[in-house]
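Engineer: I need the structure of the sequence given here:
(one chain, ligands or ions: 1)
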Amino acid sequence: MTTRVIKNIRELTTNDPSLGVGVTGRLHDAALVLDDERVLWVGPNAAAPAADQMIDAQDSAVIPGFVDSHTHLVFAGERCEEFEARMNGTPYHGGGISSTVAATRAASSDELRGATEKRLGELRAGGVTTVEIKSGYALTLDGESRLLDLANEFSDEVTFLGAHVVPPEYLNDREAYVDLVRGPMLDVCAPKSKWADVFCDRGAFDVDESRAILSAAKSAGLQLRVHGNQLGATGGVALAVELDAASVDHCTYLSDDDIERLCASKTVATLLPGADFSIRAHYSSARRLRDRGAVVALATDCNPGTSYVTSMGFVLAIAVRDMRMDFDDALWSATRGGAAALRRDDVGHLGIGARADVVILDAPRAAHLAYRPGASIVRRVIGAA
Ligand SMILES: [Zn+2]
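Structural biologist: Residues are numbered from 1 along each chain as shown. Model (predicted):
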């Protein structure tokens, strides 16, 4: 085991209030000691203990690695034409998912593996060190199983999303598809997944269908997440809370009752500003959630149709400018909030014993991530072994 000391940190965000100031546990002129797996020591630069290796942060900001708790990384093809048409006035209805399903079904496993690896490389280069990956672009028993096998090559946070949309061949018999997902498909996919998710919204699955699928998944030992309230106040938030889902994602349309429910639960509200941006929706009410005390996460929702975004810096920039989140709240939501959405307490912070997932920025303050949108200011990403 090798120890490393990161010295000359101008601004260190630990997300551990016992180590520094505020919710971000911030220190200035700090140092950090890691071994291959964990954070060992945090404190003033002048008091840093010796270690096997020294990394000079060169008077820059250091943050915990981002926790991207919502991605659809395993897919083939792209939908740029759909994006262009949408920007020119064609509204989003969710139907474009079928074109990615066709491309993904036709792709070889090597093609899918290569494409996933490339997107994951982009996420990592932007400072993401923990990533959740969903299936959901095959929508057949064998196909979903294959996507989950591929996702497991890249992450431990793997989500079965057989209920992404009803595939074309079942459009006249939705019930049969719901029965397939919560029956034989779940039987095969549950052992390959930590999570189950349903797209509970207009054009996808209604609340009763979603409840049937999620309840079966819970009985099969999976933990739950829900795509909810993206295209309308369609009941996804209430269902997620009812079933104790770890997270309900999108939350673009929220009633006061929805916010009340979230605040009284352990379900995290995960906001996906890249999706709101890419379908030109209005933005989620981040401030309403925060003011009422709900736990908020931010994630990329990287997918080819509605958020082909692999930059957490870009997500932070939108969250700050257009959702009007304070930068520190947004940074917390993209790190510790993402960890809460995955029910993890070992990532998303740099408290003693946390995983050694550290990002050194090429900027004096972390807020440059929002201040300099589009610039690549991640200098070095250190991931735990
Ligand atoms: Zn999604």
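Engineer: where in the stretch 201-350 of the chain is pLDDT low?
Structural biologist: Across the stretch 201-350 of the chain, nothing is flagged by pLDDT under 70.
Engineer: how about the helices in it?
Structural biologist: For the stretch 201-350 of the chain, the helices defined by DSSP state H, counting those that start in this stretch cover 207-219, 236-242, 256-263, 273-278, 286-292, 312-321, 327-341.
Engineer: wait, which of those helices is closest to Gly77?
Structural biologist: For Gly77, the closest of these is helix 273-278, at 16.2 Å, according to Cβ to Cβ. All C-beta spots, glycine's among them, are computed from the backbone N, C-alpha and C.
Engineer: what mean pLDDT does stretch 352-366 get?
Structural biologist: Throughout stretch 352-366, pLDDT has a mean value of 98.
Engineer: for this protein, which helix is longest?
Structural biologist: helix 109-125 (DSSP state H).
Engineer: if you count neighbours, what's buried in that one?
Structural biologist: Leu112, Arg113, Ala115, Thr116, Arg119, Leu120, Leu123, Arg124 (16 or more other Cβ atoms under 10 Å).
Engineer: can you show me the CA trace of it as CSV?
Structural biologist: Extracted C-alpha coordinates of helix 109-125, given in CSV (Å, rounded to 0.1, in the frame of the first residue of the first chain):
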residue,chain,number,x,y,z
SER,A,109,-21.0,-6.6,-27.9
ASP,A,110,-17.6,-5.4,-28.9
GLU,A,111,-19.1,-2.3,-30.5
LEU,A,112,-21.2,-1.6,-27.4
ARG,A,113,-18.2,-2.2,-25.1
GLY,A,114,-16.1,0.2,-27.1
ALA,A,115,-18.7,2.9,-27.2
THR,A,116,-19.4,2.6,-23.5
GLU,A,117,-15.7,2.7,-22.7
LYS,A,118,-15.3,5.9,-24.7
ARG,A,119,-18.2,7.7,-22.9
LEU,A,120,-16.9,6.5,-19.6
GLY,A,121,-13.5,8.0,-20.5
GLU,A,122,-15.2,11.3,-21.1
LEU,A,123,-17.0,11.2,-17.8
ARG,A,124,-13.8,10.3,-16.0
ALA,A,125,-11.8,13.1,-17.7
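Engineer: now for it, which elements pack on it?
Structural biologist: Applying 3 or more Cβ pairs under 8 Å, 6 or more residues apart in numbering; DSSP states H and E, one finds that helix 109-125 contacts strand 128-134, helix 141-152, strand 378-382.
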